[in-house]
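Undergrad: heads up, no residue letters with this:
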């Protein structure tokens, strides 16, 4: 005998979807991520007594805690070009330590800081703090969507994320070029979200000028944001010609024939959260806590190339399958960026700073009632929590420790999987379209579904 319904009002609310309120979805999606962040503090700061993460956070408000050592090779390259056009900027005897391994045009970013030698460090730190502020503004813009000003909650949330999401704080602390990459990618995200496709492509090209693997994002956008892909290609050509004029042919030959092959060996050093770093830690005995290029290992290099190709081809196939759903452009951009970053030979933890943009976009959608469940928010938030946390892995031993050292890569895989799954679901089920569209695209989709 069927038991009587003792709460018909709850059933009515369930039928209307009122039980999954934005507040409940946000709680379900974000609480596990917050718990993970707390556990990382307990593991690193309380148990192991390291204050490495705290120093990165304090560098946001205390410039003296910044470290310019990582930027010195780039500044030296910029100084060489400033003093002698087309001067050699690559010292291949230092590739096992801190060295300038960026494309030649990346040195141009540092030229303004070396015009006056005595103020170069101050200029770099001051400029990067301004870049940090611009990134915060872009995070707020990605969160709020079409609205002009963020609410008090959104503004406070942006400030908290900028402080606790370690890749951004670490980029500022180390004055890394990844801060500029995050700025360009954030500008590309916001531009694409608001319909400025050409501008999005140009910002993507600027990001690729610093991290060339990001040019591989453009082909994945060709079905959903063709203007963005084309403008990124045009921007790449323009930046390439500019780079040749500024740095000369010889530096580019050195970069292609020496720097890239050398850097492709990768690092087993635990901050390297790429597929290659994972394979080095899994298949070799290289130490986790030593910052040095891995010895040439044909097996690891071939496997890294094979895994990277498999991921990229699979992503292209998925994007191709979902090509009819043009409004999925943000999902495609997020997936493309995660995949191309993971399969790069080197992906330091701070290279994932731009992960904050798809995260806050999903939070904003959930807040506005546009996400019907947490199938995208929960894995993305948990993945970004892994990317944004700090766990002590040095001193640990065994296979488990070498696997645990890739916790950031696991986070990137979770986040990429969330966006990839949404593309797969929508491509297979036309009725699922509304789960993925923005408020700007909802009405055309509703009209087509009614017809």
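TA: The structure has been received and is ready for your questions. Just so we're clear, the structure is a prediction, and the values are computed from it rather than from any experiment.

Undergrad: For residue 181, give me its contacts.
TA: 207, 210-211, 214, 351, 353-354 (Cβ atoms under 8 Å, 6 or more residues apart in numbering). For glycine as for every other residue, the C-beta is placed from the backbone atoms N, C-alpha and C.

Undergrad: give me the element it is part of.
TA: Secondary structure assignment for residue 181, by DSSP states H and E: helix 178-193.

Undergrad: Give me the helices and strands touching the next helix or strand after that helix, please.
TA: The helix or strand immediately downstream of helix 178-193 is helix 197-210, counting by DSSP H and E. When contacts are defined as 3 or more Cβ pairs under 8 Å, 6 or more residues apart in numbering; DSSP states H and E, helix 197-210 sits against helix 178-193, helix 217-220, helix 226-254.

Undergrad: and the first one, average pLDDT?
TA: By that I understand helix 178-193. On average, the pLDDT along helix 178-193 is 96.

Undergrad: Now find how far off-centre it is within its chain.
TA: Helix 178-193 has its C-alpha centroid displaced from the chain centroid by 10 Å (Cα atoms, centre = their mean, to the nearest Å).

Undergrad: and the closest residue to residue 105 other than its chain neighbours, what pLDDT?
TA: The shortest distance from residue 105 to any non-neighbouring residue, by Cβ to Cβ, 6 or more residues apart in numbering, is to residue 243 (3.6 Å). At residue 243, the model reports a pLDDT of 92.

Undergrad: On the three-state scheme, residue 324 is what?
TA: The three-state assignment at residue 324 reads coil, by DSSP: H, G, I helix; E, B strand; the rest coil.

Undergrad: Apart from its chain neighbours, what residue comes closest to it?
TA: Using Cβ to Cβ, 6+ apart, the closest residue to residue 324 is residue 427 (7.8 Å).

Undergrad: can you pull the pLDDT of the one you found?
TA: Confidence score, pLDDT, at residue 427: 86.

Undergrad: Would you mark the buried spots in the helix or strand that contains it?
TA: For residue 427, the enclosing helix or strand under DSSP H and E is helix 407-428. Residues 407-423, 425-427 are the ones in helix 407-428 that count as buried (16 or more other Cβ atoms under 10 Å).

Undergrad: Stretch 108-121 too?
TA: Of the residues in stretch 108-121, 108-110, 113-114, 120-121 count as buried by neighbour count, 16+ other Cβ under 10 Å.

Undergrad: and among the helices and strands packed on helix 197-210, the most buried is which?
TA: helix 178-193 (a mean of 25; mean count of other Cβ atoms under 10 Å).

Undergrad: okay, the angle between that one and helix 226-254?
TA: 160 degrees (axes from the mean of the first three to the mean of the last three Cα atoms, to 10 degrees).

Undergrad: quick revisit: can you lay out the helices and strands packed on helix 197-210 as a markdown table showing distance to residue 329?
TA: Listed next are the helices and strands packed on helix 197-210 as a markdown table, based on distance: least, Cβ to Cβ, whole Å:
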| stretch | distance to residue 329 |
| --- | --- |
| helix 178-193 | 6 |
| helix 217-220 | 11 |
| helix 226-254 | 8 |
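
Undergrad: Look up how far residue 54 lies from residue 427.
TA: Distance of residue 427 to residue 54, computed by Cβ to Cβ, to the nearest Å: 44 Å.

Undergrad: wait, I meant residue 201
TA: 39 Å.

Undergrad: Between these two, which is the more surrounded one?
TA: residue 201 (28 against 15; other Cβ atoms under 10 Å).

Undergrad: now that one: how far from residue 240?
TA: 15 Å.

Undergrad: again, but for residue 154
TA: For residue 154, the distance to residue 240 - Cβ to Cβ - is 39 Å.

Undergrad: next one: residue 359
TA: In terms of Cβ to Cβ, residue 359 sits 32 Å off from residue 240.

Undergrad: And residue 387, by the same measure?
TA: Relative to residue 240, residue 387 is positioned 31 Å away (Cβ to Cβ).

Undergrad: now do residue 417
TA: From residue 417 over to residue 240 (counting by Cβ to Cβ), the distance is 34 Å.

Undergrad: isn't residue 290 right up against residue 270?
TA: No. Assessed by Cβ atoms under 8 Å, residue 290 is found out of contact with residue 270, at 9.6 Å.

Undergrad: For these two, indicate the residue with more neighbours.
TA: Between residue 290 and residue 270, counting by other Cβ under 10 Å, residue 270 is the more crowded of the two (26 against 12).

Undergrad: next one: phi and psi at the more buried one?
TA: phi -60, psi -30 (degrees, to the nearest 10).
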